[in-house]
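In: Next come a sequence and a model predicted from it.
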Amino acid sequence: MHKQTIQTSTIQYDVVVGKGLLSNIDQYLPKKYNNILIVVDEVVKGIYGDTVIDTLKSAENVAVTSVPAGESSKSIEQYYRLLSEAIEHHLDRKSLIIAFGGGMVGDLAGFVASTYMRGIDFIQVPTTILAHDSSVGGKVAINHPKGKNLIGSFYPPVAVIYDVDTLQSLPAKEIRSGYAEVVKHGLISDQAFFEEVLNVDLTTPLDTEVTVDQLQKGIGVKAKIVEQDERESNIRKFLNFGHTLGHAIESELGYGKITHGEAVAIGMLFALKLSEEKFNTRMPYKALYDWLSKNQYPLSISWPGINQLIDKMKLDKKSENSIVQMVLLEEIGKPSVVNLSDHELRAHLEKFIRELD
Ligand SMILES: O=C(O)C(=O)C[C@@H](O)[C@H](O)[C@H](O)COP(=O)(O)O
């Protein structure tokens, strides 16, 4: 078991990563709670629900509610339903919400926790590779049809309990989605880490040791940034590498039509191309493209119109005065935030889409 403590200006919490944590989950709660609501992804509930529920029920007053798997559950309807569940189960300010599942559940349940009675404790219990990223750092949100994560807050969990045994049951699409965020952590931090990630073959069973090591490195990259800039006024923007276009694609195609990581993968390719042109430097575009293709990421998508994409990119939370900001790389491990005019963005996007197709 590996423990990493995140210390921001507002809170300190542990991220515990290890095997077999679910069946002892009660031991990792930072304190005793009078009432617990577990919000769980339907699929996760079917596989691991009993283990967690039984363990907690022996010690605590526990209610469970499941949400349909997939990004479309990050909706105002599910959010409202979960608030109603919290009321119905008499959660109060001494209660706890446990987000048990992937990034969707973490974002949704975390946002419920951040607003119910003006905020109650919540714990992230991630079950996907992607959630090594989303469970740390305290960004919680739901989507609006006009844009991804537009309704949300910064609300850190009181603990992250990451049982890596759960990764065994991930379908290929989820593995791909999560690994895009591992690639991102490599690109924004360190050439050696990036190269190590590109050595992973996602078409064969994962080597758990290698995966866990890379997830811990990714969490480390994220922790270092979040500790310095929890509310994204500066360097936290770097964690958004690949997301400006990625989020626009996700929201234009319809949430869930393409996974978050698959969309971010295309966004990272675009960001690498732009980085080459902006900084007149060589980027590992081809290496990443080849790795993504080999690992069956969908790179040939049914592209939304450029105007729609640009409108969505302007709604990105990094934008100021409707000017799109993108995270580019001066070199691997040296991210930089760059403003882009509509004209520039359009020209680069048109070229990128033409070349990718
Ligand atoms: O933690 C962050 O900061 C990130 O940007 C990490 C992203 O990988 C993550 O998908 C995040 O939820 C996106 O945030 P958003 O602010 O662009 O909605």
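Out: Yes, it's here. Residues are numbered from 1 along each chain as shown.
In: Going by C-alpha atoms from here, please, whenever you check contacts or count neighbours.
Out: Noted.
In: which other residues reach stretch 338-354?
Out: Phe270, Lys273, Leu274, Trp303, Ile306, Ile310, Ile323, Val324, Gln325, Met326, Val327, Leu328 (Cα atoms under 8 Å, 6 or more residues apart in numbering).
In: out of everything not next to it in sequence, what's closest to the first one?
Out: Of all residues not flanking Phe270 in the chain, Phe352 sits nearest, at 6.6 Å (Cα to Cα, 6 or more residues apart in numbering).
In: Let me see the contact set for the closest residue to the ligand within the stretch 251-357 of the chain.
Out: Proximity to the ligand, evaluated over the stretch 251-357 of the chain using Cα to the nearest ligand atom, is greatest for Lys317 at 6.1 Å. Contacts of Lys317 were listed using Cα under 8 Å, 6+ apart, and they are Leu150.
In: In which helix or strand does it reside?
Out: In this structure, Lys317 is located outside every helix and strand according to DSSP states H and E.
In: Ramachandran coordinates for it?
Out: With angles defined as degrees, to the nearest 10, Lys317 sits at phi -70, psi -10.
In: Need the three-state assignment for the residue in the stretch 51-200 of the chain positioned nearest to the ligand.
Out: Per Cα to the nearest ligand atom, Asn149 is where the stretch 51-200 of the chain lies closest to the ligand, at 4.6 Å. Secondary structure assignment for Asn149 (DSSP: H, G, I helix; E, B strand; the rest coil): strand.
In: how many neighbours does the residue nearest to it when sequence neighbours are not counted have?
Out: Nearest non-adjacent residue to Asn149, counting by Cα to Cα, 6+ apart: Asn143, 4.5 Å away. Asn143: 21 surrounding residues under other Cα atoms under 10 Å.
In: do Trp303 as well
Out: By the measure other Cα under 10 Å, the count of residues near Trp303 is 12.
In: Helix or strand: which one has it?
Out: Going by DSSP H and E, Trp303 is not in any helix or strand.
In: Contact partners for it?
Out: If you count contacts by Cα under 8 Å, 6+ apart, then Trp303 has Ile249, Ile353 around it.
In: ok so, going back, of the contacts of stretch 338-354, which ones also sit close to the ligand?
Out: Among these, no residue lies close to the ligand (Cα under 6 Å from any ligand atom).
In: Just the ones in strands from those, please.
Out: Among the contacts of stretch 338-354, the members falling in strands are Val324, Gln325, Met326, Val327, Leu328 (criterion: DSSP state E).
In: Give me the local confidence score for the last one.
Out: In this prediction, Leu328 carries a pLDDT score of 98.
In: State the phi and psi torsions of the residue nearest to Phe270.
Out: Torsion angles, degrees, to the nearest 10, at Phe352: phi -60, psi -50.
In: thinking the residue of the stretch 51-200 of the chain closest to the ligand is in contact with Ala141, fair?
Out: Yes - using Cα atoms under 8 Å, Asn149 makes contact with Ala141 at a distance of 5.0 Å.
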